[in-house]
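# what follows is a predicted structure for the sequence shown.
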Amino acid sequence: MVDKRTEQIKELLPVYFIMGSTNCNGRDPVRVLEEAIAGGITLFQFREKGESALTGKEKVRLAERLKKICQENHIPFIVNDDLDLAIELDAHGIHVGQDDLEADIVREKFSNKILGVSAHTIEEAEQAIKDGADYLGLGPIYPTNSKDDAREVAGTGIIECFRNHGITIPIVGIGGITPANAEEVIQASADGVAVISAIASSSDVKETAKSFLRATSK
Ligand SMILES: Cc1ncc(COP(=O)(O)OP(=O)(O)O)c(N)n1
Ligand SMILES: Cc1nc(C(=O)O)sc1CCOP(=O)(O)O
Ligand SMILES: [Mg+2]
């Protein structure tokens, strides 16, 4: 039987938008997020990374502004990597990877919050589940320019492989996902798609977010 928390997490994952100031082609991230929300994104992750990423008080200030917009629109606000920031802002959750703080430590210090963990192998997935992960991020599904240290492209096969090994926890695919290939990711048994550039760099953010929503609800 699927429990209530799992069902609630699955409902948040269809169009999981990830963004920071470096992903918006010089546009105001606040506007980009507002347009993405108007288009129907279901979850947001603040990921402030890259050469010109904001740090210190400027990073906190941007995170606060984006969290406020999420709150006003009932979209949960997830912080990437930074547990101190997630705690300071009382975020809805945090996403950590294999090179970040260990998931069991994050679960202990940020209990009852949404915990997402990146996994690339069945062993990592099983450990993440033991540590209390609510969902897994699997990728890169397709080639991506948004992560310098991305692993080899895994294809949608990684999602099918995890499911065939009995991993039933909610899964989101990430890396190079566009409105044109999002349906394949869902067909491979993901509960949603996590997207940076296809939405953040779009010339029509709202329409692109809508296209993702259509593609993931087929
Ligand atoms: C939903 C989701 N899935 C995977 C990642 C990648 O996390 P990580 O491997 O820690 O890499 P960085 O994003 O921290 O560079 C993610 N952020 N979100
Ligand atoms: C943040 C991130 N993590 C990945 C992983 O494979 O874990 S790929 C990735 C970048 C996703 O950006 P885009 O939608 O622009 O390809
Ligand atoms: Mg990380």
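Thanks, I have the structure now. Ligands and ions are numbered 1, 2, ... in the order given.
# what segments of this structure are helices?
4-12, 29-39, 56-72, 83-88, 103-109, 122-131, 157-164, 182-187, 197-200, 205-216 (DSSP state H).
# can I get those in a markdown table with distance to residue 19?
No exception for glycine: its C-beta is placed from N, CA and C like everyone else's. Converted to a markdown table, the helices of the chain look like this (distance: least, Cβ to Cβ, whole Å):
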| stretch | distance to residue 19 |
| --- | --- |
| helix 4-12 | 16 |
| helix 29-39 | 6 |
| helix 56-72 | 8 |
| helix 83-88 | 15 |
| helix 103-109 | 21 |
| helix 122-131 | 23 |
| helix 157-164 | 23 |
| helix 182-187 | 17 |
| helix 197-200 | 5 |
| helix 205-216 | 10 |
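# ligand 1 contacts on this protein?
Residues of the chain lying close to ligand 1 by Cβ under 6 Å from any ligand atom are 16, 18, 45, 47, 49, 80-81, 95-97, 100, 116, 118, 137, 139, 147, 172, 174, 194.
# if we use 8 Å, what do you get?
Applying Cβ under 8 Å from any ligand atom, we find that the chain lies next to ligand 1 at 16, 18, 45, 47, 49, 80-81, 95-100, 116, 118, 135-139, 147, 149, 172, 174, 194.
# just the buried ones from the residues you listed?
Listed as buried from the residues of the chain next to ligand 1 are 16, 18, 45, 47, 49, 80-81, 95-97, 100, 116, 118, 135-139, 147, 172, 174, 194; burial here means 16 or more other Cβ atoms under 10 Å.
# quick one: contacts for the nearest residue to residue 167 once chain neighbours are set aside?
Among residues not flanking residue 167 along the chain, residue 125 sits closest, at 5.2 Å (Cβ to Cβ, 6 or more residues apart in numbering). Neighbouring residues of residue 125 by Cβ atoms under 8 Å, 6 or more residues apart in numbering: 119, 136, 162, 165, 167, 169.
# same check, this time on residue 117
95, 96, 97, 103, 124, 128, 131, 133, 135, 136, 137.
# ok, now residue 157?
residue 188.
# spatially nearest residue to residue 79, not counting backbone neighbours?
residue 86 (4.0 Å).
# which one of the helices of the chain lies nearest to residue 23?
helix 197-200 (4.0 Å; Cβ to Cβ).
# so is the closest one next to ligand 2?
Yes - under the criterion of Cβ under 8 Å from any ligand atom, ligand 2 is reached by helix 197-200 at 197, 198, 199, 200.
# show me what counts as buried in that helix.
For helix 197-200, by 16+ other Cβ under 10 Å, it's 197, 198, 199, 200.
# quick check: the second one touching residue 181?
No - counting by Cβ atoms under 8 Å, residue 181 is not a contact partner of residue 198; they are 9.5 Å apart.
# rewinding a little: the residue nearest to residue 79 contacts residue 93, correct?
Yes - between residue 86 and residue 93 there is a contact at 7.4 Å, judged by Cβ under 8 Å.
# overlap in contacts of these two?
Counting by Cβ under 8 Å, 6+ apart, the residues touching both residue 86 and residue 93 are 79, 110, 113.
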